[in-house]
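1. quick check, what structure comes out for this input:
(chains A and B)
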Amino acid sequence: MDSIRFRFLSRLFLALSVFFASFGYAVAQGANPAAGEVGSSKNPSQVGVTPGTVAAAVPAAAAGTTTADPAAIAAGDALFKGNCAQCHAVNEVVVGPALAGITKRRPMSWIIPWIKNSSKMVAAGDDYAVKIYNQYQKQQMPSFQLSDAEITSIVAYVTSQEGAKPVIAVADGGGAAVAGGGATAESADASSMNILLIVLVVVLIVLVVTLVIIANIMKDVLRGRKDLDGRDVEQMEQRFDFARIYKSTALRAIVGVVFVLAVLYESVQGAMGVGLSQGYQPTQPIAFSHKLHAGENQINCAYCHTSVYKSKSANIPSPNICMNCHSQIKTESPEIKKIYRAIERKQPIQWVRVHNLPDLAYFNHSQHTQVGGIECQTCHGPIQNMEVVYQYSPLTMGWCINCHRETPLNTKGNGYYDNLVKLHDTKNGAVPFTVSSNGGTECSKCHY
Amino acid sequence: MQDSPKYWKGIEELESSPEFVKNALSEFADFMPVKESHGTSDATVAPRRDFLKLMGFGLAAATLASCETPIKKAIPYLNKPEEVDPGIANFYASTFFNGQDYNSVLVKTREGRPIKLEGNPESPITGGGLSARAQAAVLSLYDGARLQHFAKNGAKVDKDQLDQEVRNALAGAGRVAIVSPTIISPSTKKVIAEFAARFGGAEHVMYDVNSASGLLRANGGVLPAYDFSKADIIVSFGADFLGTWISPVEFARQYVANRKVSSAKRAMSKHFQFETNMSLTGSNADVREPMKPSALGEAVVSLYNALMGGGKPAGKLGMAAAALQSAGSRGLVVSGSNDPAIQTLVTAINQKLGSGAVDTANPSFVRQGDDARMARLVKDMAAGQIGAVIFYHANPVFDHPMGADLATALKKVKTTISLNDRLDETGALCTYAAPDHHFLESWNDYEPKRGYLSLAQPVITPLFATRQAQDSLLTWAGSPTTYYNYLRQQWQGVLGGGDFAKAWDKAVHDGVAMGSALPAPAAQLEGTMDVNSAIAAIKAAKSGGIELAIYEKIGVGTGADANNPWLQELPDPVTKATWGNYVTVPRAYAIERKWEQGDVVKVTANGKSVSLPVLIQPGQAAGTIGIALGYGRTAAGKVANGLGENVLPLAVMRNGAISYTNAVQMEATGTQSPIAQTQTHHTIMDRKPVVQEATLAQYRENPKEVTEYEKVSTPDGLEKPNKVSLWQDYEYKNHHWGMAIDLNSCIGCGSCVVGCQAENNIAVVGKQEVINRREMHWMRIDRYYSSDAHKEDFEEKGKLATYAAMEDPSENPSVIFQPMMCQHCNHAPCETVCPVLATTHSSEGLNQMTYNRCVGTRYCANNCPYKVRRFNWFSYYSNEKFESVNGHMFTDLGRMVLNPDVTVRARGVMEKCSMCVQRIQLGKLEAKKQKRRPKDGEIVSACAQSCPTQAIVFGDMRDSESRISQLLRREDGERAFHVLDAINVQPNITYLTKIRNTDKSDFNA
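-> All right, here's what the predicted structure looks like:
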């Protein structure tokens, strides 16, 4: 008898343990409040960036103020993102000054040599150059090998963007600033919701308490009356019999079935999640906070991830990029000192890789950021709120493919797509021209 | 009633003690507890079964817990160089010259690692083409067999200590000699000259493994520069100028320039080849005549006489003489012989013709070796007259015919120093080893031809504790400068006045520059001959028995790069053999001696012998055999060691030059050694749909008649095959990638094969697996011989006999090369049979192979009419069986060469040509980023990129202005055809019919 029961118990234990081990991971993810919450909340960057529309709207709005041709602006747009956006925005100060009104402040004959070699001008003692150099913490602007025409087109682009609202302007530029803007709106929304909820709960509690009090008063009144017969007294003194519910077979069956179904569902989910690392949040060797840098300080993503607009890899910044600021800022912080130590010992920092695609899948950042106009947050989540980075998206093939099926191609102003858009519109104009309708779900787009 | 007596078993039963009752009910006694002495609670609480259960659970839990991905590190640069962006390839111009052929290259680096060499289109000499050997050179950089530190007697030694000892030794050494192959670097020559001056006039001796000493002597010490594009009649006596002779990439480019035809230009050069072995050049010739080496001299004499008006020789030589006569200055005669007498006559013939294709005023510098001087040095060393010798990239113990003598003589030299990159056969005999950098780690300059300069720049920090040889020489000579500064100093004179820094940057960027820096070449030790004495010398040469002709292979070459598995596995263009050398014998001789292919025979000459397997070679001259040099390495590394045998000791010195021919004795050994050939069928058996050839005469008459198009029967009569189809046609809206391969331009050199291998991380499988027909090359070059039998013989000889005869190549066959890779069929047979949809069609016309989906049924390979799919039978990157041949995929060092954009395929999946989809995707992305359509020529597959003759044109057939569209429009209905058109798989690869400048084509239908 004993041993039989023991066997049964041990089996149950075994089954339960295996099951928990398998979906424990999923549970852990579910328990992560950030992952759950963000997934369901309204994230402006997720809803939206249909980059073409923004890009188109802004020049249209600015059409009155600029005389440059759209081609130059488009060229300037690309050049600006590739070269300048790391440190400059049009309408706000990032690392360098806001560029709006640059043509009014300085003539082109000053701007061109400045961009080509700023340190030379500072060294030559140009008044304005020295002033601006000192104003921005003696941060030197690197020299750019751009032609005069290219610089003119950048300036044309800057002029065309002047006066646009900062959020929209940077939405076009991509990166953290938009996320920052979005985040504030989101938190405002959330706090008003919270107040509403608290009020509702208070009202409900008051209601319940009132009802209980009323019921008790009524009972007392009734007890005081002597004219009640036995049945009425019985009714009045009746207590809810919990044991009956507990003993009900129907309820037991329902609970049993629900439990089994829940266990099954979780097991399947757990099994599907094996090998997935959504929510993976490893401890990094240095407690770098994206929330502080990208969120509060609104440093453009591309300032550190230098090749995100031009390469397959976004590039994890090397310490020399950190040193651009931290040679002066927060030099006493123990975390920053770890960077100094790495530099002194000539040992690179070994970050733990958060986003790991299997080797068989080819992914290119620039394809999505530069060409597709996708925001960083679309895949990386609210990176600007992450104290420690975690994997926001599942990075499964289904997730990739789904996005490729649903996302319309960013074809506006891109000469590559002109004929394709025409062909699509004449043949199948009713449905959106998505990535997959241009072959974006074919095997060898990602596997080779 | 009487009670029967009751017996008790014992007192316990009588008393019925509870213990007795309990035991009586169980048949067997309780087991003794196993761990009685240290009884723990475990023994009772967790008996065996529960232990097993717990263990099972533990295993399951551990397995599931370990499903979590292992921690991966992301390690950025400490200080990122400005020009390096992870994921973006950088290209640097450089130069490859290993003492053999010169190539101007672009080095593709990813994250600071060189991963591929490509031709430098800026170079006026090689013009974007690249030889197979240069393609493979990038792998040599990561060769673990390189010597990784300075050494004394093979043991590691401190650099400074070695420098000190060497300086002391050299100071009192007496006569010092530096031995090297040809050096075309002006600055290196200057360094050597200064070094020599410092050590009492040290002698610099250059020798070439495949020597052109005879040619140099015949031209007064200079090597003429040839321009094959300026010749309408080319007569070659054994010169393999498309494969291995002097500057093959340059020559192939020039040669083909005059052989590309179109209906607008229906003319091409005519090429006569008289040779012993079937060479790559011979197989491209319009007229080829096999000749014994001894007869080649005679032939040159009679050609000379004919041109001087002394009678007309018979046969093909007569045709050549007549053609040359009429071509005049548009004629060119070359000879691959190293006999100064023959070369003297050839020079005289070219002078008589006034050939415009020979330029001695601006000579080539790539062969400067002096056989006589080298022979004298070996004698002097043996006599103990040399105090110190330095070997710089020279391995004469292995690759000089007098290697054995040299090995003994080295013992008489007090100080021996090797600058070679490994402890090779020579280096191992030297006291000191100061290994040189690989050329991808070094600065250097080159002048392959007067007036054409080129530069090499380091593209990676030195991998090992090596030092550039020039720096070693400078250090030992007591010069404080580094070679880089020295080089810049030298170039100050070359680049002239003006802004030197700017001019230098441009030269480094372009990799090539115009200007001259090399001094005039030193005269050969032995002087020139006059024509009459040359004729007398040729007449005096005797022939006897079987003649051996030693030749050089296009892959392994002289054997200096033999430890490179890509080159070892590159099939010889003609024999299609890999991994090792062999004896090529004519078919008749093999039948006479009752030898079969693979029988090992012993070849003896000079009292030395080699034992190698027999390979029956159509087109081998009667009474001759051929053996390739460069094999039989013993100290090259684990790839090359023990492969084949070294045939150079069988060569002799004749007229003060190495003669690569000799009379030999042969005997069977009775053993067998299989030869790893990638193609074992030899003829197309009159199946014209496979490969098509026509004569220039036919083409001139009507270009629309040269290609035969198959028709299929339909209810409406005969129609093109694509009129009838089961499948829907694809509509390509965006791109439609395709390739056109001009069989007239393809010379079969195999450069594309290695280029493809480097680009696509293709595994090397080794000799046994090639024998098992499991080579992995995505691209192969099919070689077909013509046969004497044709379908017309059906009536006379019967079908079966004719078919049997059609399988046999002719004695002297015509040869066609046909590059063959995945045809990217629009109606692909492989796609319809894959049960898991691992191979599908893309909207851009590509046949996509998805490795991660493939389960390895191999139905696709079975259903492929072109047999271009390759199955991964093993994990070539981890199976120890492949460690010696594919070792670069096993070590961190070797893996640096892998292309990070291409998957390394696992065991059990199918793979094949992807049309370099990674390049297509990258090209499209670049265009999209710049908001424009891709430009034609921007996206090129690796094979098309590497082709020295531009036989392969890759492009977008949807773009009507692209080169491929124009070509296909032009050739449609003329030369363009699809292989096996009748099966209507509609390939995206189009071939252009080969046109041969003859009266009659041997490839019949």
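2. can you read off the pLDDT for residue 441?
-> As the question left the chain open, I've gone with chain A. The score at residue A:441 is 91. That number is its pLDDT.
3. meant chain B actually
-> 93.
4. what about it, how many neighbours?
-> When neighbours are counted by other CB atoms under 10 Å in any protein chain shown, residue B:441 registers 20. Every C-beta, even on glycine, is put in place using the N, C-alpha and C of the backbone.
5. which residues touch it?
-> B:141, B:458-463, B:466, B:468 (CB atoms under 8 Å, 6 or more residues apart in numbering or on different chains).
6. please name the residues that touch residue B:781.
-> Applying CB under 8 Å, 6+ apart, the residues contacting residue B:781 are B:571, B:573, B:746, B:748, B:750, B:752-753, B:817-820.
7. hmm, try it at 10 Å
-> B:570-571, B:573, B:576, B:678-679, B:746-753, B:817-821 (CB atoms under 10 Å, 6 or more residues apart in numbering or on different chains).
8. for residue A:219, same thing?
-> By CB under 10 Å, 6+ apart, the contact set of residue A:219 is A:236-237.
9. tell me the domain ranges of chain A?
-> With domains defined by automatic domain parsing, chain A comprises A:2-44+A:180-272, A:66-161, A:290-445.
10. for the stretch 251-400 of chain A, which segments count as helices?
-> A:290, A:301-304, A:319-326, A:334-345, A:365-366, A:376-380, A:397-406 (DSSP state H, counting those that start in this stretch).
11. no wait, the stretch 601-750 of chain B
-> B:696-701.
12. near chain A, which residues of it?
-> Within reach of chain A by CB under 10 Å from any CB of the partner chain, the stretch 601-750 of chain B has these residues: B:731-735.
13. for these, which one is nearest residue B:481?
-> Set against residue B:481, the nearest of these by CB to CB is residue B:735 (53.5 Å).
14. and the residue of the stretch 101-250 of chain A nearest chain B?
-> Proximity of the stretch 101-250 of chain A to chain B (CB to the nearest CB) peaks at residue A:142, 8.6 Å away.
15. that residue: how many residues sit nearby?
-> Residue A:142 has 12 neighbouring residues, counting by other CB under 10 Å.
16. follow-up on the earlier one: in PyMOL, select just the buried ones from the contacts of residue B:781.
-> Selection of the buried residues among the contacts of residue B:781 in PyMOL, burial being defined by 16 or more other CB atoms under 10 Å in any protein chain shown:
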select buried, chain B and resi 570+571+573+576+678+746+747+748+749+750+751+752+753+817+818+819+820+821
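17. by mean pLDDT, flag the weakest helix or strand of chain B.
-> When the helices and strands of chain B are scored by mean pLDDT, DSSP states H and E, helix B:41-45 comes last with a mean of 50.
18. quick revisit: show the buried residues in the contacts of residue B:441.
-> B:141, B:458-460, B:463, B:466, B:468.
19. reformat those as TSV; add secondary structure, pLDDT and distance to residue B:443.
-> What follows is these, written out as TSV (DSSP: H, G, I helix; E, B strand; the rest coil; pLDDT from 0 to 100; distance: CB to CB, whole Å):
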residue	secondary structure	pLDDT	distance to residue B:443
B:141	helix	93	15
B:458	coil	93	6
B:459	coil	93	11
B:460	coil	92	13
B:463	coil	92	16
B:466	coil	92	14
B:468	coil	92	7
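20. could I get these in TSV, plus columns for distance to residue B:482?
-> Listed next are the buried ones among the contacts of residue B:441 as TSV, based on distance: CB to CB, whole Å:
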residue	distance to residue B:482
B:141	21
B:458	12
B:459	18
B:460	18
B:463	19
B:466	15
B:468	9
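21. what residues are up against residue B:940?
-> B:118, B:128, B:916, B:919-920, B:923, B:946-947, B:952-955.
22. any idea how far residue B:492 is from residue B:187?
-> Going from residue B:187 to residue B:492 by CB to CB, to the nearest Å gives 11 Å.
23. may I ask which of the residues of the stretch 601-750 of chain B next to chain A has the most neighbours?
-> Going by other CB under 10 Å, residue B:735 tops those with 23 neighbours.
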